[in-house]
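Engineer: Need coordinates for the below:
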Amino acid sequence: MTDRVQLNLRLDGKRELLETIKEVAAAEGLSVNAWVVRTLEQAANQAVSAPTTQPQTQVSEISDIEPVLDSLLDSKLDTLLAAKLAGIEERLGKLSA
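Structural biologist: Predicted coordinates:
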């Protein structure tokens, strides 16, 4: 005898989703329950087999990127500031003329 377990899924405000699930399950020759169980199994297997990222690796990657971003940001800010100052000087020149 199989052990019966149950998951009650509420689809509040998701009537269209339920109708789509019914249509897809019927098109595949499955009951709604069989389709949902298969879909959940596939999603769970993908999540389990997905490579995990080590937090330490993420920290070192971020610290490697920081100097590059700082340099790019500095040069971008220098360019923007120079353009802004040139615009101000041009306006001041027109005012004094």
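Engineer: Which elements pack onto the host helix or strand of residue 40?
Structural biologist: Residue 40 is located in helix 32-49, with elements delineated by DSSP states H and E. Under the contact criterion of 3 or more CB pairs under 8 Å, 6 or more residues apart in numbering; DSSP states H and E, the helices and strands touching helix 32-49 comprise helix 15-27. For the C-beta atoms, the positions are set from N, CA and C on the backbone; glycine is no exception.
Engineer: So which bits of the helix it packs on are buried?
Structural biologist: Buried residues in helix 15-27, counting neighbours by 16 or more other CB atoms under 10 Å, are found at 21, 25.
Engineer: what angle separates that helix from helix 32-49?
Structural biologist: For helix 15-27 against helix 32-49, the angle between stretch directions is 100 degrees (axes from the mean of the first three to the mean of the last three CA atoms, to 10 degrees).
Engineer: packing partners for helix 15-27?
Structural biologist: In terms of contact count using 3+ CB pairs under 8 Å, 6+ apart, helix 15-27 is assigned the packing partners helix 32-49.
Engineer: Next, count neighbours for residue 48.
Structural biologist: Taking other CB atoms under 10 Å as the criterion, the count of residues near residue 48 is 8.
Engineer: Relative to residue 75, how far out is it?
Structural biologist: Distance from residue 48 to residue 75, counting by CB to CB, to the nearest Å: 44 Å.
Engineer: returning to that earlier point: give the buried residues for the helix holding residue 40.
Structural biologist: So, applying 16+ other CB under 10 Å, buried residues of helix 32-49: residue 35.
Engineer: Name the surrounding residues that touch it.
Structural biologist: Identification of contacts with helix 32-49 by CB atoms under 8 Å, 6 or more residues apart in numbering yields 9, 21-22, 24-25, 28, 30.
Engineer: what distance separates it from the centre of its chain?
Structural biologist: Relative to the mean C-alpha coordinate of its chain, helix 32-49 is positioned 21 Å out (CA atoms, centre = their mean, to the nearest Å).
Engineer: Render the CA-only coordinates of it in CSV, please.
Structural biologist: The C-alpha coordinates for helix 32-49 follow below in CSV (Å, rounded to 0.1, in the frame of the first residue of the first chain):
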residue,chain,number,x,y,z
VAL,A,32,-4.4,17.9,-13.5
ASN,A,33,-3.0,16.1,-10.4
ALA,A,34,-0.5,14.0,-12.5
TRP,A,35,0.5,17.1,-14.5
VAL,A,36,1.1,19.2,-11.4
VAL,A,37,3.0,16.4,-9.6
ARG,A,38,5.2,15.9,-12.7
THR,A,39,5.9,19.6,-13.1
LEU,A,40,6.8,20.0,-9.4
GLU,A,41,9.1,17.0,-9.6
GLN,A,42,10.9,18.5,-12.7
ALA,A,43,11.2,21.9,-11.0
ALA,A,44,12.6,20.3,-7.8
ASN,A,45,15.1,18.2,-9.7
GLN,A,46,16.3,21.2,-11.6
ALA,A,47,16.7,23.2,-8.4
VAL,A,48,18.6,20.3,-6.8
SER,A,49,20.9,19.8,-9.8
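Engineer: Done for today, thanks.
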